[in-house]
Structures are given as structure tokens and as C-alpha cells.
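how would this look folded up:
(2 chains)
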Amino acid sequence: MSRLETAFYDLGRLELLAEKNTRIHRLDPRVKVLTTLLFIIYVVSFNKYEIARLLPFFLFPALLIGLAELPFGYLLRKIILVSPFVLCIGIFNPFLDKEIILQIGTLQISGGWLSLISILLRFILTVGAALLLIATTGFPAICMALEKLGAPKIFSVQLLMLYRYLFLLLEESIRTVRAYTLRSFSTNKLRYPIFKNLLGNLLLRTLDRAQRIHMAMLSRAFTGEIKVARSFSFGATEFSYLAGNIALLTFVRFVDISALLGTLILG
Amino acid sequence: MHMADALLSPGIGGAMWAATAATTIYCARKVQNQLDDRKIPLMGVLGAFVFAAQMINFSIPGTGSSGHLGGGLLLAILLGPHAAFLTLASVLTVQALFFADGGLLALGCNIFNLGFFPCFVTYPFIFKNIVRDRPSSRRLTTGSILAAIIGLQLGSFGVVLQTHFSGITALPLFSFLVVMQPIHLAIGLVEGIVTAGVASFIWSVRPEIIACVASEKPRYRIPLKKVLIGILLTFAFSAGFLTWYGSENPDGLEWAIENITGTRELAPPQQGIHADLEKIQDKTSFLPAYRFKAATASNQKDKKQMSIKTGASVSGLLGGILVLFCALFIGFFLKKIKKPV
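Numbers count the residues shown, from 1 in each chain, chains lettered A, B, ... in the order given. Below you'll find the predicted structure:
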């Protein structure tokens, strides 16, 4: 599959996941956006050698995956696919930071290895949190939540428009590239002169499309302002979910559960 | 290159978020004041175009690698800087959410690195100065290539600085720069050539599209200065302030607790459940011989102050792994009980 097709498939799959109807999916999107942000800030706020205290944070994604009935393997694969950049930068730590910090029996572990593992854990947690947010909420709802939380209206409308036309343009690009591939002995990569013209043509068609959309909007009484008919309810469930999450997250952040459990066993 | 949450400290991430949010609000006001309602659908569709176009590769002759469009500069050429910044911000938001490029905290950094520099630095000061209001194919090409290269150099410099000041990696600033800047010189060159190719193509078939934006008077220069100064000040203040805290106190949040309660960690009470648990602990510890406390206490004195107490961290690690397993178990358990329904 080409990158275009993979992207198309991914978007569709996440959108399908977001359409589920579980307890988590039904919550007001604002609550989910806020708890996700708090979660990420707490996770990155530990010092760079911290491993043990990051582990309890896996409780939250595990709970969400369980309650929202999401496919664990699919999400994990998505996280691993984007790891190279972080790995590239983190991999130098073991070579640069050789001070021994942890000793388990005779095994000595340097600060570099600890911080590399810490970076990877942070990576899984933060990226996972973003994916879980989209898989439990859906993009349109997140845009609404952003607007309600104070983002400029034109920005959220812009996000919605982009998302609406993303599927169309991806499909159009897939068709165009496929047509080229079929006529060029299956070479997957384009040569630059062809690439340039192909992209230019796609852009022209896009501009024409924008004009048509604008006409259509005008004929439906568009005056430059977008009105959205959708109401959110911030009820008792939302409030208790938010309060519970903040309390639990703060507890895990400031109380060293791992050490408590560890000393319980080791004495 | 996308910045990632895992390499960021909350201070730097927050500062960049503030800078990006300020720029977004400023751009939103500007675009709304222009009151050209054609731009609203145009921005949305062009955003989708950039998104799709980034995934079409072409082969770079003689290297075996491939290149694609970045989009920031092309959007600025087609839409003008304010609308382009908003469009690019939305493209990056979608990428952060669906394709996990970077993450949500790093989104501020990414929008700033990939959006602010091309839209507000290289487009007005380099591209506009070369193309002026009389575009030609040659001017478009030189302008695009130069602007793209410098824009990406600034962007990658931003990534390096943000990573360095976050202090999560051990990479020295200089060697990180030596690796990043040449790579982005190449990426910038490819980006410039692609942007130039597409822009000249559009110029040759539908010149009015580019002429329309090119004729816009650059009135924004004066307010832009104010915004720039504002952003720099916020950034310098919050980053400097937080970094100073960060170095004084290894853990900003713990420091906050210390201020509130007077101790660094919340002390367990001497009576009640904690004391009872301690009694249970003596009976339940199945590996009492593996205490590391005594062994490491003397070790620790020789070495200078370390950031982690060894004895505590081994048991902490064990406890953490236990919690991790509990978490996984709970997750699977919840799924299992849902299945039959």
C-alpha cells in the first residue's frame, strides 16, 4: 500500500472507532480534551531519569482501551510506526551519559540507558493519549470542544473544512497516482517533471473545487460566519469523570505508588 | 522534522504553546477583518490539498531517496501569510491527532517551527522582496528556493533549541546542530524546488491566482513587529523563568508542592492506615534479603549527589512494573467482560 492509501485507511479506521457508543464515547468532548492535556503535562513533568513513576500512568490508557472497547494491537502498531525520530535522538543518551545511576545486584545501569527508557515510555504514553483522544471522541467533536474552550472560531471552522475535504482530496490523489502508475510500467515513484505537473494540476482542480464550494455556500445563505447546530451537555457524568480523573491523575503524579508497592514487597 | 512530546519539558512546551496560540489568535483576527469570505472554503480545501500532496513522493535522481512537498511556503504564496499560518496549523493539528506526528504538547512547537518561520519570516522578508509585485517564473523560482531553505534552517534550529533547553536528551548542543542543519539544508532545497515547480506551473497556466496575492499591500509589517516582540518577550520570560526553576529544582511540580506544604513529598501520617500497612509490609515482604538500602547507602556517600536514590529506585521499579501489569490486566479484564454483551 502506498502512503496515500495507508493514510486513507487510517483516517477511516479511527473515524469508525470514534463512532462507537460506549460510556467513554458518550462523554462531552471538552472533558476528554482537558483530561488528555493534564495527562500529557503530568507525564512530561518528571525528571529525565524517571522510569518507575511513569509506569503507573499506563493505568489510564489501559482503562480507556478497556472501557471504550478499542483494539489494542492496532493502536500499538500505530505508535510503533512513528517512533523513529524519538529513537534517533534518544539513542545517543546511553553513549553520552555513562554515569552509573542504578545498580541491581551486580548489574550496573548508566543514566543514559535510564533516560532512553524514560524517553520511550514518555513517547508511548503521550502519543497513545493523543490517539486515544481521537479514537474515543472523533475529529468534529474535538473541533467543537476546542472552540468552546476558547480557540478562535475561524480556526475550528478551518479544521472542520480541512477534515471534510481531506477524504475527497486523498481519494483524488490516489486516483491520479494510480492512473500514472498504470501507464508507467508500475514505477511507484514519480520523476520530478511529472511530479511537478501532477501536483500543479491537482492544485488547480482543488482551487476550482474551492470556488464551487464557495458558490454552494453562498447559495445556502453563507455570510462569512459558520453556524453549528450541535449542543453539548456538561452534566453530572461529565463533572464526575473530570473530577475523578483530575484527582486520580494528581494522586499518581505526586504519590510514589511504585515505591510504596516496591517497599511493600522488598521490605 | 516534527518535535515530539517525549523530548519536551513542560516549561518549553508551554512557552511554545503560548507563542503559537498568540500567533493563531492574531492571524484569526486578521483573516476575519479582511472579510474576504472566499478565503474560508479556500483555506480548508488547500489544507486538505497540502495534506494529500505531502504523501505523493517523487524520486530524487542519483540518490535513491525521495522528496515531497512541505507546504508552508506554497500556502503563504497562495493565501498570504495569515491565512497560510492558520491553514498550516490545522494541517499539523490533524497530523498530530491522527498520525501521532509529535504529540499534543509538542503541537505548539511544531506549528511554530513549521508555520511561523515560513509565513512570517521568510515569506515577507525573502520571497516578497525577490518577487515584489511583478512575479515571473525566474523570480518565483529563486524566491521559493531561498525562502524554503532559510525557513527550514530556522525551523530545525528551533527544534534543536527546544530539545536542548528541555534537557531530556544528553546530546550536546553543538553536535546536534552539526547533524540537524545540513540535513535540513537538503530538505529545504528539495522543498524549495518543489514549491518553485508548482508555483511556476500555476503562474504559467493561471497567473491571476498568484498575481492576486502578490498585489496585496504588505500593510501588516508594523503590527507584526509588535506581535514579534510580544511573542519573544513571553517566550523569553516563561522559558527563562521555568528553566531557572527547572535547574534549581529538578522537579517543578514537586517544588510547587514543597512551597504549599513545606515538604517535598507528602509525608505519610504516623498513625492510621500507613502504620498498619507498615506492619503488614513486614509480614508480606517475600524478598526481605534483597534490600538494597544498606548496600547502597554507603555507595551513595562517595559519589556526589545523584538524582535517584538507588535503593528506593530498585523497589520503585519493581512496584512500577507491578502496577503496569495490574493496568494491563484491568484493561483486558474490562474488555473480556464487555465481549458477551
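
so, in contact with chain A or not, the longest helix anywhere in chain B?
Secondary structure assigned by DSSP state H gives helix B:173-205 as the longest helix of chain B. Yes. Residues of helix B:173-205 contacting chain A under CB under 8 Å from any CB of the partner chain: B:Ile193, B:Val194, B:Gly197, B:Val198, B:Phe201, B:Ile202, B:Val205. For every residue, glycine as well, the C-beta is placed using N, CA and C.

can I get these in TSV with distance to B:Gly320?
What follows is the residues of helix B:173-205 next to chain A, written out as TSV (distance: CB to CB, whole Å):
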residue	distance to B:Gly320
B:Ile193	49
B:Val194	47
B:Gly197	52
B:Val198	51
B:Phe201	56
B:Ile202	56
B:Val205	61
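
and which of those is nearest A:Leu75?
B:Val194 (33.0 Å; CB to CB).

for the closest one, give me its contacts.
Contacts for B:Val194 were tallied using CB atoms under 8 Å, 6 or more residues apart in numbering or on different chains; they are A:Phe195, A:Lys196, A:Leu199, B:Phe58, B:Gly67, B:His68, B:Leu69, B:Gly70.

for B:Asn110, same thing?
So B:Asn110 contacts B:His2, B:Met3, B:Leu92, B:Ala96, B:Asp101, B:Gly102 (CB under 8 Å, 6+ apart).

of the residues you listed, which is the most crowded?
Ranked by neighbour count under the definition other CB atoms under 10 Å in any protein chain shown, those are headed by B:Met3 with 31 neighbours.

so that one sits in a strand?
No. For B:Met3, which was evaluated using DSSP: H, G, I helix; E, B strand; the rest coil, the result is coil, with no strand membership.

for chain A, what is the nearest residue in the stretch 1-150 of chain B?
Here the residue of the stretch 1-150 of chain B nearest chain A is B:Gly44; by CB to the nearest CB that distance is 2.4 Å.

name the element that residue belongs to?
helix B:39-53 (DSSP states H and E).

and after that helix, which helix or strand comes next?
Note on helix B:39-53: by DSSP H and E, the next helix or strand toward the C-terminus is strand B:58-59.

tell me what that next one is packed against?
Applying 3 or more CB pairs under 8 Å, 6 or more residues apart in numbering or on different chains; DSSP states H and E, one finds that strand B:58-59 makes contact with helix A:192-219, strand B:66-67.

mind checking how far the residue in the stretch 101-250 of chain A positioned nearest to chain B is from B:Met43?
Nearest to chain B, among the residues of the stretch 101-250 of chain A, is A:Met161, at 2.4 Å (CB to the nearest CB). Applying CB to CB, to the nearest Å, the value for A:Met161 to B:Met43 is 7 Å.

swap in B:Ile77?
Taken as CB to CB, the spacing of B:Ile77 relative to B:Met43 amounts to 14 Å.

mind checking which of the two has more residues around it?
Using other CB under 10 Å as the criterion, B:Ile77 and B:Met43 rank with B:Ile77 on top: 30 against 26.

what residues are up against that one?
Each residue near B:Ile77 by CB under 8 Å, 6+ apart is listed here: B:Tyr123, B:Phe127, B:Ser144, B:Thr195, B:Ala199, B:Ile210, B:Val213.

stretch B:123-138 close to chain A?
No. Stretch B:123-138 does not reach chain A (CB under 8 Å from any CB); its nearest approach is 12.4 Å.

export that stretch as PDB, just CAs?
As requested, C-alpha coordinates have been extracted for stretch B:123-138 and formatted as PDB (Å, rounded to 0.1, in the frame of the first residue of the first chain):
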ATOM      1  CA  TYR B 123       7.700  34.800   3.000                       C
ATOM      2  CA  PRO B 124       7.500  38.600   3.800                       C
ATOM      3  CA  PHE B 125      11.300  39.300   4.100                       C
ATOM      4  CA  ILE B 126      12.800  37.000   1.400                       C
ATOM      5  CA  PHE B 127      10.100  35.800  -1.000                       C
ATOM      6  CA  LYS B 128       8.300  39.100  -1.200                       C
ATOM      7  CA  ASN B 129      11.500  41.100  -1.600                       C
ATOM      8  CA  ILE B 130      12.600  38.900  -4.500                       C
ATOM      9  CA  VAL B 131       9.300  38.600  -6.300                       C
ATOM     10  CA  ARG B 132       8.000  42.100  -5.500                       C
ATOM     11  CA  ASP B 133       4.600  42.700  -7.100                       C
ATOM     12  CA  ARG B 134       5.800  41.600 -10.500                       C
ATOM     13  CA  PRO B 135       6.100  37.800 -10.500                       C
ATOM     14  CA  SER B 136       7.900  35.900 -13.200                       C
ATOM     15  CA  SER B 137       8.900  32.300 -13.500                       C
ATOM     16  CA  ARG B 138      12.500  33.000 -12.600                       C
END
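
okay, now the unreliable bits of the stretch 101-250 of chain A?
Counting by pLDDT under 70, the stretch 101-250 of chain A shows low-confidence ranges at A:186-188, A:224-232.

still on that earlier bit, helix or strand: which one has the residue of the stretch 101-250 of chain A closest to chain B?
helix A:153-182.

buried residues in that helix, which are they?
Of all the residues in helix A:153-182, those buried under the rule 16 or more other CB atoms under 10 Å in any protein chain shown are A:154-166, A:169-170, A:172-174, A:176-177, A:180.

stretch B:322-329 too?
Residues of stretch B:322-329 classed as buried by neighbour count (16+ other CB under 10 Å): B:Leu322, B:Val323, B:Leu324, B:Cys326, B:Ala327, B:Leu328.

ok, now stretch B:54-67?
For stretch B:54-67, the neighbour count (16+ other CB under 10 Å) marks B:Gln54, B:Met55, B:Ile56, B:Asn57, B:Phe58, B:Ser59, B:Ile60, B:Gly67 as buried.

dump the contacts of B:Asn110 to TSV, plus pLDDT and distance to B:Pro10.
Output for the contacts of B:Asn110, formatted as TSV (pLDDT from 0 to 100; distance: CB to CB, whole Å):
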residue	pLDDT	distance to B:Pro10
B:His2	76	18
B:Met3	83	14
B:Leu92	91	20
B:Ala96	88	17
B:Asp101	78	20
B:Gly102	73	15
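
now the helices for chain B?
Secondary structure of chain B (DSSP H): helices located at B:10-34, B:39-53, B:72-79, B:81-98, B:107-111, B:128-131, B:137-166, B:173-205, B:207-214, B:221-248, B:252-261, B:273-284, B:293-302, B:310-338.

quick one: the strands in chain A?
Under the criterion DSSP state E, chain A carries strands at the ranges A:100-104, A:107-110.

using CSV, list the CA coordinates for the first one.
The reference is to strand A:100-104. Extracted C-alpha coordinates of strand A:100-104, given in CSV (Å, rounded to 0.1, in the frame of the first residue of the first chain):
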residue,chain,number,x,y,z
ILE,A,100,26.2,4.7,36.8
ILE,A,101,22.9,5.6,38.5
LEU,A,102,21.1,2.3,39.1
GLN,A,103,22.6,-0.9,40.5
ILE,A,104,20.6,-4.1,40.6
